[in-house]
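>>> Attaching a predicted model along with its sequence, questions to come.
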2 protein chains.
Amino acid sequence: MTADEVARVLGVSQSTISRAFTATASISDEMRTRVMATAAELGYQPNVIARSLMTRRTNIVAIVLPNLTDPFYAVILDELTQRLQPRGCQTLLFVPTPGQEVDEILPTLLQYQVDGIIITSATVSSSMARACAKRETPVVLLNRYVPGLEIHAVSCDNVAGGRQMAEFLLGQHHRRPAFVTGQLRASTSMDRQSGFVARLKEDGVECLIEQGGDHTYQAGFDAALRLMRQSNPPDAIFFASDIMAFGGMDALRRNGFIIPDHVSIAGFNGVPMAAWASYDLTTIRHPFSQMADAALELLGFGDAEVASSPTTRLIHGELMDRGSTMSRSPELKRVRG
Amino acid sequence: MTADEVARVLGVSQSTISRAFTATASISDEMRTRVMATAAELGYQPNVIARSLMTRRTNIVAIVLPNLTDPFYAVILDELTQRLQPRGCQTLLFVPTPGQEVDEILPTLLQYQVDGIIITSATVSSSMARACAKRETPVVLLNRYVPGLEIHAVSCDNVAGGRQMAEFLLGQHHRRPAFVTGQLRASTSMDRQSGFVARLKEDGVECLIEQGGDHTYQAGFDAALRLMRQSNPPDAIFFASDIMAFGGMDALRRNGFIIPDHVSIAGFNGVPMAAWASYDLTTIRHPFSQMADAALELLGFGDAEVASSPTTRLIHGELMDRGSTMSRSPELKRVRG
DNA sequence: TGACTAAATGCATTCGTATGCATTGTTGAC
DNA sequence: GTCAACAATGCATACGAATGCATTTAGTCA
């Protein structure tokens, strides 16, 4: 069913059908009503593919996520789609397979003529960034930023988050903290670590560094055991992400450790699960809502003008003080054993 | 950058450019190589929107999910996209807002000329099903089926799953089981309940029914407390879904109950989290992988011919016997107190 | 060598909609 | 009553690629 057929039935031109479906077009109310009635009757719906060819807008935004198993990305995807749908935009989802680079899949996304691309927790080469700029397809990195790269970015301030957590754990009199890394080259993990370590150092406190490997439950599980089984175990473990902390807590409890009595546990992300009673995890909560707003604004979907020059928005996270950490002050120690 | 421009640079026709990008087209190897080289140099990529207009294939599959916060849907989405991407298909995601019916959003999806639609945990009206059939857009319901509706469906056998769980809990000598429902009208929840209750009845065991309200952590949390605070509490609680069971377990533990000593807990879905040490939840595991395979096959993405008549595939789940349930045999009871 | 076949390429049209321009009809102001 | 301004509509074309058909070229066989 095409606009042509509807036009024939009504004895008008195809242009009139098209105008009836265009809010700003010049068409009489009566004609629009008639067209709509006939269209509904015949089951006509404009073909947005054909429309896109003319308007050069697809109303599709591509979102690239490294995986769907980490609840962190589920939250991000949720926040983004909830904002896009009211604007008449659809979400084209892309999950690179483990070995796949984002650079490889970007051409595919561009082929789809998407109106914008949001890339989470990954970066792109400068040549690919230029290719997108040339096509005027806006790209925003979410949860990653690369200084000097010609591209918009929105991220939680990971360095500041690391510092906040250090400050908090120092305030609770921890003297032997550990940090468990995520992926080695991930700036998110590295930034959290550097902020954390730097702030500890200011108080003359050393930090154990344990390689997690990747942001998974299992990685956290294994790392926690390695840390606690060494001769001089930490009194607090700060994991690069919540999901690793969950793994760590489960590993320790299964092996007889009491949290937070034997060791304090902290995470980073602030996923909803972190508030669940089983974990009750002290963490730095990402400003999910603000991050989604900022990402869409930089994509050009906001009301404000978009700065043409690449902009990086760093947003502060919020420390959630929960039950997985406790003060190591001498008084409390005596009470809790 | 269009095929026309590449053609001009090479001094050939636009048809030749198109043929170079079509595997089956008649074109010399030498010419294809030249075209590809020039295309790469100029940064030309075929516009799949324009292509779709001619080929009537978009290589886009729409997936409708009720939410992203339940890990169950994250797993489903993950399984589906991982199968679609190697086939050159993209995933167009749609998450209806709470009040929104799937019937309302289907027209939007059809406008995008998607090659197929997968609808999870919801159904469509028969008139809408007919509209899709008319357009020859295949539709598959996933995790829901409606007998008599002219539409393909793939679902875990919920009645059988309920029976399996009843059988298992009876085998563990539970005599006062309870079932916590999900959404009232959801067939998934009702079927699990009916299978569960029917099998219990065969052994003359009554079942408490507690209304959960919806498939959320909080609903499970509240329902568990209501159940255990009554004068004659159950010795086992079977929740309509894993996420509700997690809420239930957290609620009970926070209130001093020991699981499974005081009460056995079981769920349904078999999400990865159910295997985590904190919950170690006995559950019926959905055959996620088989379900995804079946859904894509019915969409016409498999190797086999698709039956033209609407087909319902019911796949059996697998009972995962874990630590959240324990035998109530007299001997054990004495040991564990 | 000539005719016949197959491969390679160009030409022209098509997919379904949007839109600039021309045309017609209507209204209002002087 | 006349003319301007504007609203409403039709006509024709464009968007970018795919493809049926016609044409050319090369290759094959008798």
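It's in.
>>> In chain A, which residue is most central in space?
With distances taken as CA atoms, centre = their mean, A:I76 lies nearest the centre of chain A, 4.4 Å away.
>>> I'd guessed that residue sits against A:V154; true?
No: A:I76 lies out of contact with A:V154 (CB atoms under 8 Å); the separation is 10.6 Å. For every residue, glycine as well, the C-beta is placed using N, CA and C.
>>> if we can go back for a sec, leaving out sequence neighbours, find the closest residue to the residue nearest to the centre of chain A.
A:T120 (6.0 Å; CB to CB, 6 or more residues apart in numbering or on different chains).
>>> Give me the phi and psi angles of that neighbour.
Main-chain dihedrals, A:T120, degrees, to the nearest 10: phi -100, psi 140.
>>> helix, strand or coil for A:A266?
Assigned by DSSP: H, G, I helix; E, B strand; the rest coil, the conformation of A:A266 is strand.
>>> just the helices in the stretch 1-150 of chain A please.
Along the stretch 1-150 of chain A, counting by DSSP state H, counting those that start in this stretch, helices occupy A:3-10, A:14-20, A:29-42, A:48-55, A:71-84, A:102-111, A:126-134.
>>> Can you name every helix or strand that the fifth one contacts?
So that's helix A:71-84. Helices and strands touching helix A:71-84, by 3 or more CB pairs under 8 Å, 6 or more residues apart in numbering or on different chains; DSSP states H and E, are strand A:60-64, strand A:90-94, strand A:116-120, helix A:242-254, helix A:288-299, helix B:71-84, strand B:90-94.
>>> Dump the ones you listed to CSV, plus mean pLDDT and distance to DNA strand D.
Formatted as CSV, these follow (pLDDT from 0 to 100; distance: least, CB to the nearest atom of the strand, whole Å):
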stretch, mean pLDDT, distance to DNA strand D
strand A:60-64, 97, 16
strand A:90-94, 96, 18
strand A:116-120, 96, 18
helix A:242-254, 97, 42
helix A:288-299, 95, 21
helix B:71-84, 96, 20
strand B:90-94, 96, 16
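>>> Distance to DNA strand C for these - can I get that in TSV?
Formatted as TSV, these follow (distance: least, CB to the nearest atom of the strand, whole Å):
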stretch	distance to DNA strand C
strand A:60-64	15
strand A:90-94	16
strand A:116-120	19
helix A:242-254	44
helix A:288-299	21
helix B:71-84	24
strand B:90-94	18
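>>> From A:V271, how far out is the residue nearest to the centre of chain A?
Here the criterion is CB to CB, to the nearest Å. By it, A:I76 lies 10 Å from A:V271.
>>> And for A:R87, nearest residue in space, chain neighbours not counted?
Using CB to CB, 6+ apart, the nearest residue to A:R87 is A:F301, at 6.3 Å.
>>> Confirm that that neighbour sits in a helix.
No: A:F301: not assigned to a helix; according to three-state DSSP it is coil.
>>> Is it correct that it is in contact with A:G88?
No: between A:F301 and A:G88 there is no contact under CB under 8 Å: 10.6 Å.
>>> Neighbour count: the two, which is higher?
A:F301 (18 against 9; other CB atoms under 10 Å in any protein chain shown).
>>> For the stretch 201-337 of chain A, which residue gets nearest to DNA strand D?
When scored by CB to the nearest atom of the strand, the stretch 201-337 of chain A has A:G300 as its residue closest to DNA strand D, at 19.5 Å.
>>> ok, that residue touching A:G116?
Yes: with contact defined as CB under 8 Å, A:G300 and A:G116 form a contacting pair (6.9 Å).
>>> shared neighbours, the two?
Counting by CB atoms under 8 Å, 6 or more residues apart in numbering or on different chains, the residues touching both A:G300 and A:G116 are A:P138.
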